[in-house]
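Enquirer: Have a look at this prediction, sequence included:
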Amino acid sequence: MMEQLTPHFCTTSIYDLPFSEFWEKGYRILFCDLDNTVSAFDQPLPEERFLNWVVERKNEGWEIYILSNNGKERVEKFCRVANLTGFSNLYKPLRFRTDQIVKEMGESPDRIVFIGDQVFTDVWLANQMGFLSVLVDPVAKGDLLKTKINRKMEGFLRKGFTYGKNKSW
């Protein structure tokens, strides 16, 4: 079980990732969680820094998608401004919706990097799916109540992770 909850890579934020290393290993798609990964959970629109990050990654050849447990309205509004495709109501870590998305894209899991801020949703889903799992620190201090509960439980796990590579990839 611990293997399923251990990210391949840890870093402080999406802005500190070694995208050129990922690219060299054949990854081409970035699946990003929304709340507290790329934006604060209570920030309805993307910040300028994130918009610039999206442009930089797209210029490098990356395909970027938002995958969120949040509702349709929140995800669509955010993605419209960021010029991204988003998927809402995923029920992470359950994989049925994400399986469907990957199949519809006609993609192989070994080309996908999944970036998220939670162990029990994002990392667990990514590892189940065969993606490269990346855990980032939450961008905001606050959380929804259900997320606060998860954070308490995952705090023990996070103490065992190191920034950088946690397992081979």
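Expert: Received the coordinates, thanks.
Enquirer: State the distance from the most centrally placed residue in the chain to residue 34.
Expert: Central residue of the chain (Cα atoms, centre = their mean): residue 115, 2.5 Å from the mean position. Distance of residue 115 to residue 34, given as Cβ to Cβ, to the nearest Å: 11 Å. For every residue, glycine as well, the C-beta is placed using N, CA and C.
Enquirer: In terms of helix, strand or coil, where does the residue nearest to the centre of the chain fall?
Expert: Put simply, residue 115 is strand when judged by DSSP: H, G, I helix; E, B strand; the rest coil.
Enquirer: can you pull out the helices in the protein?
Expert: 2-5, 19-24, 48-60, 72-82, 96-105, 124-129, 145-158 (DSSP state H).
Enquirer: which stretch among the ones you listed comes nearest residue 66?
Expert: helix 72-82 (5.5 Å; Cβ to Cβ).
Enquirer: Keeping just the C-alphas, turn that closest one into CSV.
Expert: Backbone C-alpha positions of helix 72-82 (Å, rounded to 0.1, in the frame of the first residue of the first chain) are rendered in CSV as follows:
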residue,chain,number,x,y,z
LYS,A,72,-18.0,21.7,-13.4
GLU,A,73,-18.6,25.5,-13.0
ARG,A,74,-15.3,26.0,-11.1
VAL,A,75,-13.2,24.0,-13.5
GLU,A,76,-14.7,25.4,-16.7
LYS,A,77,-14.3,29.0,-15.5
PHE,A,78,-10.7,28.5,-14.5
CYS,A,79,-9.8,26.6,-17.7
ARG,A,80,-11.5,29.1,-20.0
VAL,A,81,-9.2,31.9,-18.7
ALA,A,82,-6.1,29.6,-18.8
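Enquirer: Pull out the buried positions in that helix.
Expert: Within helix 72-82, the residues that count as buried by 16 or more other Cβ atoms under 10 Å are 74, 75, 78, 79, 82.
Enquirer: Can you lay out those residues as TSV showing pLDDT and distance to residue 101?
Expert: Shown next, in TSV, are the buried residues of helix 72-82 (pLDDT from 0 to 100; distance: Cβ to Cβ, whole Å):
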residue	pLDDT	distance to residue 101
74	96	18
75	98	13
78	97	17
79	98	14
82	98	18
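Enquirer: remind me which residues of the protein are low pLDDT?
Expert: Within the chain, the stretches with pLDDT under 70 are 1, 142-153, 155-156, 158, 167-169.
Enquirer: now, among the buried residues of helix 72-82, which is nearest to residue 42?
Expert: Among those, and counting by Cβ to Cβ, the member closest to residue 42 is residue 74, at 10.3 Å.
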